[in-house]
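> Output the structure for:
(one chain, ligands or ions: 3)
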Amino acid sequence: MASGVNNCKPKVVTGPLGYVLEDVPHLSDYIPNLPTYPNPLQNNPAYSVVKQYFVNIDDTVPHKVVVHKDSPRGVHFRRAGPRQRVYFQPDEVQAAIVTCGGLCPGLNTVVRELVCALYHMYGVKKVLGIEGGYIGFYARNTVNLDPKNVNDIHKRGGTVLGTSRGGHDTTKIVDNIQDRGINQVYIIGGDGTQRGASLIFEEIRRRGLKVAVAGIPKTIDNDIMVIDKSFGFDTAVEEAQRAINAAHVEAESIENGIGVVKLMGRYSGFIAMHATLANRDVDCCLIPESNFYLEGEGGLFEFIEKRLKENGHMVIVIAEGAAQDLVSESMQTLANNKHQDASGNKLLQDVGLWISHKIKDHFAKHKIMKINLKYIDPTYMIRAVPSNASDNVYCTLLAQSAIHGAMAGYTGFTCGLVNGRYTYIPFYRITQSQNRVVITDRMWARVLSSTNQPSFLGPKDVIAEQREEAEMLDDEIDEPCLNDVTVNTQVSIYPKMPVKYS
Ligand SMILES: Nc1ncnc2c1ncn2[C@@H]1O[C@H](COP(=O)(O)OP(=O)(O)O)[C@@H](O)[C@H]1O
Ligand SMILES: O=P(O)(O)OC[C@H]1O[C@](O)(COP(=O)(O)O)[C@@H](O)[C@@H]1O
Ligand SMILES: [Mg+2]
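Numbering: from 1, shown residues only. Ligands and ions are numbered 1, 2, ... in the order given. Okay, here's the model as predicted:
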């Protein structure tokens, strides 16, 4: 076994005209003289007919596709896909798959496609499922996975492997990886999971182990940086339509009917925003990124009254992370960020219930009009469904990309779609911060224009938001992150931790 070189600096390659490649680590960075083998896919009848199946090792994908004549070429990521040479022989591979964090449509599809692609594309026959999330590495049994026993799991919601929050002990996990002879680890999970995966990768590198660590980004909230979207998000937006439609039917069937629908989105309102835009029956969309107020001129109550007078009914969609400060204040509870789940995520108060009571109280107290309000909370129902067709295809390609990368010796990466292309992104880039709806962006403007709701923003808020957005873009696009990747970089924009991770 080679000795570990603790070279934790990101691999950043620069080229002419401002070209920057934020590259991913490779096993050969810290293990010298690794043998390589021809990719078994070149003998696979299905793939050998493809004109240019193997990805050129110099292929990279730009992060930013809108450019000007004189703008620098900017940040790029390594293109995902099969390479001519691989660093593992099929019978040498012992793969492990784990699912962590909250449920998300598509988890089972990714598990299925990892198993099937390992078997059928690369001839790998030893695939272990780790049960119950990270803690399962050292506290639970494993299960052998093969194409037969995963054959129809994509038709089910949830994860057949089970999942959990918390319980991330890097040393114990890596000890276990070593003891079981695992040399490819596929880790499916959200931002917290990818942070954990980064620590696992660092420890593996420190020990000098020939173990590839590949992340597959999961979250229904779509709050993962850099990538176009996370799997399960499309399904969630589609499933949310059913709840919004029901709210609309209820609201329009009765005089001054109000339907309130709460959707998921702890820190980011993407599901609420897209579900609103897709549906067109929504009169008001409230998300964590856009503060709002209830009383007075330009406030929510005034808007509700106006809309009821105009239309006789209305639908409000609210993301679960919206207005948490207002909820805490009015319920006189402790500040939210004092309550965390096992992973250090903020535990939320039920904003849907809160706003429903507030609206009812307001209209009753001021004897404005008699309203009929129905509150629908479909959050866990949405999260528990199997993925839709487009997410299934996305999950399949993510799983295959992860395997191609690991077989080619890349490690410490998350695979993701960037501008429609599959890429390998270094962990530190994904975990640096969190994707949020930019309320000075066109997409949010489209929502405001489709609902015709107030923006609740004063000129000061707009300037502050624009400044924040400009700073985020500067950090994100123009400058490669040159921080030390020994994660836990606490540069995130949201309150997480102080849960301790070893
Ligand atoms: N900052 C962190 N460092 C290391 N591990 C983490 C970190 N945050 C979360 N984890 C681990 O990742 C797993 C999932 O995290 P969680 O935040 O619950 O879900 P998600 O990955 O979907 O965001 C948990 O087992 C947790 O212990
Ligand atoms: O109740 P749970 O299982 O802890 O999960 C609730 C949270 O999980 C999510 O669905 C997704 O969160 P993660 O991506 O961090 O797993 C959030 O939208 C929601 O706030
Ligand atoms: Mg998360």
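> what does this structure put close to ligand 2?
Proximity of the chain to ligand 2 is confined to 101-102, 190, 192, 219-221, 264-266, 320, 341, 345, 383 under the rule CB under 6 Å from any ligand atom. Glycine gets a C-beta too; all of them are placed from N, C-alpha and C.
> one more time with 5 Å, if that's ok
Remark: the part of the chain in contact with ligand 2 comprises 101-102, 190, 219-221, 264, 266, using CB under 5 Å from any ligand atom.
> can you put those in CSV and add neighbour count and secondary structure?
Converted to CSV, these look like this (neighbours: other CB atoms under 10 Å; DSSP: H, G, I helix; E, B strand; the rest coil):
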residue, neighbour count, secondary structure
Gly101, 25, coil
Gly102, 22, coil
Gly190, 25, coil
Thr219, 28, coil
Ile220, 29, coil
Asp221, 28, coil
Met264, 25, coil
Arg266, 22, coil
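> For ligand 2, what is the nearest residue in the stretch 1-150 of the chain?
Among the residues of the stretch 1-150 of the chain, Gly102 lies closest to ligand 2, at 2.7 Å counting by CB to the nearest ligand atom.
> Quick one: mean pLDDT for stretch 251-260?
In this model, stretch 251-260 carries a mean pLDDT of 97.
> hang on, the earlier thing: got the confidence number for the residue of the stretch 1-150 of the chain closest to ligand 2?
Confidence score, pLDDT, at Gly102: 96.
> same question, Pro378
Pro378 carries a pLDDT value of 98.
> wait, doesn't it sit right on Val260?
No. With the criterion set as CB atoms under 8 Å, Pro378 and Val260 do not qualify as a contacting pair; they are 11.5 Å apart.
> The two: who's more crowded?
Counting neighbours by other CB atoms under 10 Å for Pro378 and for Val260 shows that Val260 has the greater number, 24 against 18.
> roughly how far apart are the more buried one and ligand 1?
Taken as CB to the nearest ligand atom, to the nearest Å, the spacing of Val260 relative to ligand 1 amounts to 26 Å.
> Residues contacting the host helix or strand of that residue, please?
Secondary-structure assignment from DSSP states H and E places Val260 in strand 257-263. Applying CB atoms under 8 Å, 6 or more residues apart in numbering, the set of residues contacting strand 257-263 from outside is 236, 240, 243-244, 246-248, 250-251, 271-272, 275, 304, 308, 312-320, 350-352, 355-356, 359, 371-379, 382.
> how about the helix or strand where Met273 lies, does it get close to ligand 3?
Secondary-structure assignment from DSSP H and E places Met273 in helix 270-279. No. Under the criterion of CB under 5 Å from the ion, helix 270-279 makes no contact with ligand 3; the nearest approach is 13.0 Å.
> Pull the number of nearby residues for whichever residue of the stretch 251-400 of the chain sits closest to ligand 1.
Across the stretch 251-400 of the chain, no residue is closer to ligand 1 than Ser343, which sits at 3.1 Å (CB to the nearest ligand atom). Here the neighbour count serves as a burial measure; for Ser343 (other CB under 10 Å) it reads 26.
> In space, what's closest to it - neighbours in sequence excluded?
Take Ser343 and drop its neighbours on the chain: the residue closest to it by CB to CB, 6 or more residues apart in numbering is Arg165, 4.0 Å away.
> same deal with Ala323?
Once its chain neighbours are removed from consideration, Ala323 has its nearest residue in Val351; the separation is 5.6 Å (CB to CB, 6+ apart).
> which ones are touching that neighbour?
Remark: with contacts taken as CB under 8 Å, 6+ apart, Val351 is in contact with 262, 318, 320-324, 327.
> can we see that at 7 Å?
For Val351, the residues meeting the contact criterion (CB atoms under 7 Å, 6 or more residues apart in numbering) are 262, 318, 320, 322-324, 327.
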